[in-house]
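Asker: Requesting a structural model of the entry that follows:
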Amino acid sequence: TLAAPEKRGKTVGTVMSGLLLGILLARTVAGGLAQLGGWRTVFWVASVLMVLMSLALWRWLPRYKQSVPLNYPQLLGSIGSLYLRHPILRTRAITGCLAFANFSVLWTSMAFLLSSPEWGYSEGQIGLLGLVGAAGALAARQAGSLADKGKARLTTSVGLIILLASWGLTALGAHSLLALILGIILLDLAVQGVHITNQSVIYRHMPEARNRLTAGYMTCYFIGGAAGSLLSASAYQTAGWYGVCAIGAALTLLNIVNWWLTRHHEAVAG
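Answerer: You can find the predicted model right below:
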């Protein structure tokens, strides 16, 4: 909201890169902390950091008030009506949901794979792969700028194709660290690129409801993440690493089909 209209896609890219970098680098830090002082150390350090973050936000977060003629329950209820009235939001929310499910599918079971007897990695070594994912997330920052230039549909299509290709490399990662690293980079690049594009699109089409759009879109986004974790753990238990990769590829194909069938909504709205 505070950014200039022509820079909002780029701004979304910067903020969302911070989000995914936090998720990925937290794995690296958590792995080191767990190796140094056990798994409880991770939660003690996290609680202290949350308090410090709360103080920093209270002190430095810009103040901004937006006038909306709705009370709080009405605002929450209106999120559902936004889904009903705006097919772009539905399309982008489902795309984001399935993309982040892919992210969780990979990162949930990768620790199982790397800690198995065949690999025998420690918590700290496994956490270092978060740095690899961070490289992919940083590379996706330009997706917001491309959305500003009217290339959102192209960015989304290319991102989903890269996401599907990443699962082929990730499957080879069962016995090859290089293939696994390349798969991680491509997957995080694709997931972040699609995510940034999604938010840039919905904010541009409905600027008067950005806060509610964030609430509705991110709820779907993290539902996908939770579902991906559940599917991943179940797949690893029943079919091992190849089962995990099959679930990831199936979710991506479902995402591609949904995008292909609904992408015209943006052309109509534009």
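Asker: doesn't residue 205 make contact with residue 88?
Answerer: Yes: contact criterion Cβ atoms under 8 Å: residue 88 and residue 205 qualify, at 5.5 Å. (C-beta placed from N, C-alpha, C; glycine too.)
Asker: From residue 185, how far off is residue 131?
Answerer: Applying Cβ to Cβ, to the nearest Å, the value for residue 131 to residue 185 is 11 Å.
Asker: of those two, who's got more company?
Answerer: Set residue 131 next to residue 185 and count neighbours by other Cβ atoms under 10 Å: residue 185 wins out with 19 against 13.
Asker: Look up the closest residue to the more buried one, ignoring the ones flanking it.
Answerer: Nearest residue to residue 185, sequence neighbours excluded (Cβ to Cβ, 6 or more residues apart in numbering): residue 136, at 4.1 Å.
Asker: element containing the most centrally placed residue in the chain, please.
Answerer: Geometric centre of the chain, nearest residue: residue 100, 4.5 Å, by Cα atoms, centre = their mean. Assigned by DSSP states H and E, residue 100 belongs to helix 87-114.
Asker: can you pull the alpha-carbon coordinates of the helix or strand that that helix is followed by into CSV?
Answerer: Under the assignment DSSP H and E, the closest C-terminal helix or strand after helix 87-114 is helix 123-139. The C-alpha trace of helix 123-139 is given here as CSV (Å, rounded to 0.1, in the frame of the first residue of the first chain):
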residue,chain,number,x,y,z
GLU,A,123,20.8,-32.0,12.1
GLY,A,124,23.4,-29.3,11.3
GLN,A,125,24.2,-30.8,7.9
ILE,A,126,20.6,-31.2,6.9
GLY,A,127,19.9,-27.6,8.0
LEU,A,128,22.6,-26.3,5.6
LEU,A,129,20.5,-27.3,2.7
GLY,A,130,18.3,-24.3,3.7
LEU,A,131,21.0,-22.1,2.2
VAL,A,132,20.5,-23.9,-1.1
GLY,A,133,16.8,-23.2,-1.0
ALA,A,134,17.5,-19.6,-0.1
ALA,A,135,19.5,-19.2,-3.4
GLY,A,136,16.4,-20.3,-5.4
ALA,A,137,14.1,-17.9,-3.4
LEU,A,138,16.4,-14.9,-4.0
ALA,A,139,16.5,-15.7,-7.7
